[in-house]
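Enquirer: Got a predicted model here, sequence first, then my questions.
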Amino acid sequence: MTGRFTRLAAAAALIATGSAALAEDIVEGRYVCEDGVVLPRVYLPIEETGDSFVILYAEDKLMVFYPQGAGPDGSSFYTHYVGEEEEYLYFEAPGDQTRLILQKGADQRVLAKGCMFMPENFGTE
């Protein structure tokens, strides 16, 4: 996944959402997770609300996660609906314990866990 691809994805999201976020506020990088899972990610702030969209490449798809709130421990929750309301991807980001969960009804499957965010320019400065 190249930086060019993530920048294009972020630009597409800006256009699609009509967000007032500025391009220089976009934070690109990737989550490096347990078991060798790597998830390219873009963080896109929404100036009007202080929330953010998370654009993530997972399950061979580019997905836009919408902010859903915060947990009591300060973790942030983002959701991307896959199909019917009973099936969705749940992106939980409490610091170093980031997880991506596929929820189908009452069943959950962790797709990635133990993820740490690495900015695109990590180790190059």
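Expert: All right, it came through fine.
Enquirer: could you pull out the strands for the chain?
Expert: With DSSP state E as the criterion, the chain has strands at 27-32, 38-45, 52-58, 61-70, 76-81, 87-93, 98-104, 107-119.
Enquirer: can you list those strands in JSON lines and add mean pLDDT and mean neighbour count?
Expert: The way it works is simple: take the backbone N, C-alpha and C, and place the C-beta from them, glycine included. JSON lines is the format used below for the strands of the chain (pLDDT from 0 to 100; neighbours: other Cβ atoms under 10 Å):
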{"stretch": "strand 27-32", "mean pLDDT": "80", "mean neighbour count": "19"}
{"stretch": "strand 38-45", "mean pLDDT": "76", "mean neighbour count": "21"}
{"stretch": "strand 52-58", "mean pLDDT": "73", "mean neighbour count": "22"}
{"stretch": "strand 61-70", "mean pLDDT": "75", "mean neighbour count": "16"}
{"stretch": "strand 76-81", "mean pLDDT": "72", "mean neighbour count": "18"}
{"stretch": "strand 87-93", "mean pLDDT": "75", "mean neighbour count": "19"}
{"stretch": "strand 98-104", "mean pLDDT": "81", "mean neighbour count": "18"}
{"stretch": "strand 107-119", "mean pLDDT": "84", "mean neighbour count": "15"}
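Enquirer: Identify the residues contacting the closest residue to F91 other than its chain neighbours.
Expert: Counting by Cβ to Cβ, 6 or more residues apart in numbering, the nearest residue to F91 once its immediate chain neighbours are dropped is Y78, at 4.2 Å. By Cβ atoms under 8 Å, 6 or more residues apart in numbering, the contact list for Y78 reads F53, V54, F65, Y66, P67, Q68, Y90, F91, A93.
Enquirer: where's the last one relative to P119, distance?
Expert: A93 sits at a distance of 15 Å from P119 (criterion: Cβ to Cβ, to the nearest Å).
Enquirer: And for the fourth one?
Expert: Distance of Y66 to P119, given as Cβ to Cβ: 23 Å.
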